[in-house]
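In: Predicted model, plus sequence, below.
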Amino acid sequence: MAMTMTEQILARASGKAEVRPGDNVWVRADVLMTHDVCGPGTIGIFKREFGEHARVWDRERVVLIPDHYIFTADEKCHRNVDILREFARVQELPHYYDVGSDAYKGVCHIALAEEGHTRPGEVLFGTDSHTCTAGAFNEFATGIGNTDAAFVLGTGTLLVKVPATMRVVFEGEFPPYVLAKDLILHVIGDIGVDGATYQAMEFGGEAVARLTMEERMTLCNMVIEAGGKNGIIEADETTLTYLRGRTSKPFAPVAPDAGARYVVVKRYDARTLEPTVARPHSPDNRAVARDLSHVRLTRAYIGSCTGGKTTDFINAARIMRGHRVAVDTFLVPATTEISRAIRTERIEGKTLLEIFQEAGCTISLEASCAACLGGPKDTFGRINGPEVCISTTNRNFPGRMGAKEGQVYLASPYTVAASALTGRITDPRDFLGA
Amino acid sequence: MAESTTVTKTAIIRGRVFVLGDNVDTDQIIPAQYLNLVPTIPEEYEKLGSHALVGLLDAPRFVPEGATKTLYPILVAGRNFGCGSSREHAPIAIGAAGGRAVVAESYARIFFRNCVATGELYPVESPTRLVGEFVIGDEAELDLDASTITNLRTGKRFALSPLGDARPVIDAGGLFAYARRSGMIPGAPTSGAGVADSGASVPVNRAVED
């Protein structure tokens, strides 16, 4: 039977010749990732269920990445990192990225890719809903809870229901003012925040093939905002180039079989897409940026796994270069590698850092999830009152970035940067000369 | 299920109803500032319960100020309940507060799965929209065998979708208890869902020790 990419990976990982949507199969995990927010609970369940001295199923396949609540005075947050550290020590886990050490990375989804833990054809489970980001690397990657993660830690397997696949095709070429964030906000606006529930979202088409790995990660990152179980993209030369030098393990990419069955195939003409915004308080509350020029902002935010990568900062800097922001603008890199890039990448002689400083941005060079999900009160960029914020992050449910009184508009790095300069939601074409 | 470390098969859940709308996400169920709490630590499990649903906009409190338990064991909601993050803290917070079942039109995938894996909550699906059929504080009877919910104020009874394979897992107290019972993984269960009540049971055969 012809299978989609997701079906092929799950068949392979469950030792079956074929699987169909709806089948419940026991899948072998290639990698399990957890972080400081869900790791301690996962470890607690693991010890309770497998024994205080039980060993993880495969120490090479467990990746611990503290990233959420790092730069805070909150004692429990520190305690939680201590739990990860101790578990890594006792279990002799080689892939632990400790806070306060040179190994520290920052946001797990980007760190996984940078450190070579994302490989085509593999199965990645993570205790974070944005684990789906790694589907950009042609693997099955999905978020799970602590109990499931503890089960994987002990057994290396998990019972998974094979999702049906929705195929999303972007034909043609994107206009230069449209970014991956606009695409995914457009699709979510189209199908709704539960439009892909229990489904795999497979992205294809000429426009997707032209995207960089970081942009593909943005696309797959937000499938969870439509309820998707995973996002997935075919591997190509762009994928292989990114992976070269990051992983030395063998891997086997998958491509859709001819005749693979989809629940639905959605086709978009990339050329007609516009800078897109999700209004409060839902990622599917879609509008185009130019229709929202009446919305006055009090702050802007650029960061997170969705919108805090090197490309995202380069794109923001292109807009901000030579201008001053009109509202408080908070910038935080997802990882330490990106933090370095902010200091070293240049546009016409100026580093990104210089461009942002001259624009009057408030910059943290300490990589973490920061205010994307609010967090402890002292989190950098957290919304602590009735702010109106435009952000490159992924969710804008009530209270997502802190105070319930806050309002969050989601947009691309171009649109957020342009809006930061005017203090109103602004179509980036006003600054890109398009 | 937190109060029980033994297996209890629940058929009827009777009590007051808390009513919610569509797309109640996990940030509203348990705001991220409380994710410093670790659910496997008993006092932090209780604390998670005290914060259950404090992120809701324009809604009364699910758990009274200063209390750790809710007056509402049954939640009735609209579409896509539990969307957003994979935090298991979400079903745990509701369960720790004394919530026992949600009856919603649909669920986000990870939340549903976490309800089953933890055994904290019965996530029951309703083929019809029930949000308008209940007001907060109504007494209701949820019958998991018959797959019905009855509003005892109005007397109206509504058919629900059977829980199917999820039911015995939650009855058992979650994934681990169920998997051991059915021989999927070796060893005796330590305890059911929620907090491990140390001393409540003695594991006779540790599973994956080296």
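Out: Looks like it came in fine. Computed from a predicted model, the values in this text were never measured in an experiment. Residues are numbered from 1 along each chain as shown, chains lettered A, B, ... in the order given.
In: list the buried ones in stretch B:175-186?
Out: Within stretch B:175-186, the residues that count as buried by 16 or more other CB atoms under 10 Å in any protein chain shown are B:175-181, B:185. In short, each C-beta sits where N, CA and C put it, glycine included.
In: hmm, it in reach of chain A?
Out: Yes - judged by CB under 8 Å from any CB of the partner chain, stretch B:175-186 comes into contact with chain A through B:175-176, B:179, B:185.
In: Would you mind listing what in the stretch 1-150 of chain A touches chain B?
Out: Contacts of the stretch 1-150 of chain A with chain B, taken as CB under 8 Å from any CB, map to A:37-38, A:40-41, A:44-45, A:48-51, A:53-55, A:57, A:68-69, A:74, A:76-77, A:80, A:83, A:127-129, A:131, A:143-148, A:150.
In: Narrow those residues to those in helices?
Out: Of those, the ones assigned to helices by DSSP state H are A:40-41, A:44-45, A:48-50, A:76-77, A:80, A:83, A:146-148, A:150.
In: Out of the residues you listed, which is nearest to residue A:258?
Out: Nearest to residue A:258 among those: residue A:148, at 33.9 Å, using CB to CB.
In: Need the pLDDT of that closest one.
Out: Predicted confidence (pLDDT) for residue A:148: 98.
In: just residue A:184 next, same as before
Out: Looking at residue A:184, its pLDDT stands at 98.
In: so it sits right up against residue A:215, yeah?
Out: No - counting by CB atoms under 8 Å, residue A:184 does not reach residue A:215; the two are 10.1 Å apart.
In: Next up, the contacts around the residue of chain A found nearest chain B.
Out: For chain A, the residue closest to chain B is residue A:44, as judged by CB to the nearest CB, at 2.8 Å. By CB atoms under 8 Å, 6 or more residues apart in numbering or on different chains, the contact set of residue A:44 is A:146, B:38-41.
In: same thing but 10 Å
Out: Applying CB atoms under 10 Å, 6 or more residues apart in numbering or on different chains to residue A:44 gives the contacts A:83, A:146, A:150, B:38-41, B:44, B:195-196.
In: for residue A:425, same thing?
Out: In this structure, residue A:425 makes contact with A:275, A:277, A:279, A:287-297, A:388, A:390, A:409, A:411, A:415-416, A:418-419, judged by CB under 10 Å, 6+ apart.
In: Buried only: go through those for me.
Out: A:275, A:277, A:279, A:287-290, A:292, A:295, A:297, A:388, A:390, A:409, A:411, A:415-416, A:418-419.
In: So which of these belong to strands?
Out: Those of the buried ones among the contacts of residue A:425 mapping onto strands are A:277, A:287-288, A:388, A:390, A:409, per DSSP state E.
In: Where do the strands of chain B begin and end?
Out: Assigned by DSSP E, the strands in chain B fall at B:12-19, B:74-77, B:101-104, B:122-125, B:139-143, B:148-151, B:157-159.
In: Need those in CSV (columns: mean pLDDT, mean neighbour count and distance to chain A).
Out: Formatted as CSV, the strands of chain B follow (pLDDT from 0 to 100; neighbours: other CB atoms under 10 Å in any protein chain shown; distance: least, CB to the nearest CB, whole Å):
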stretch, mean pLDDT, mean neighbour count, distance to chain A
strand B:12-19, 98, 19, 17
strand B:74-77, 98, 26, 13
strand B:101-104, 98, 26, 11
strand B:122-125, 98, 22, 12
strand B:139-143, 98, 19, 23
strand B:148-151, 98, 19, 22
strand B:157-159, 98, 15, 21
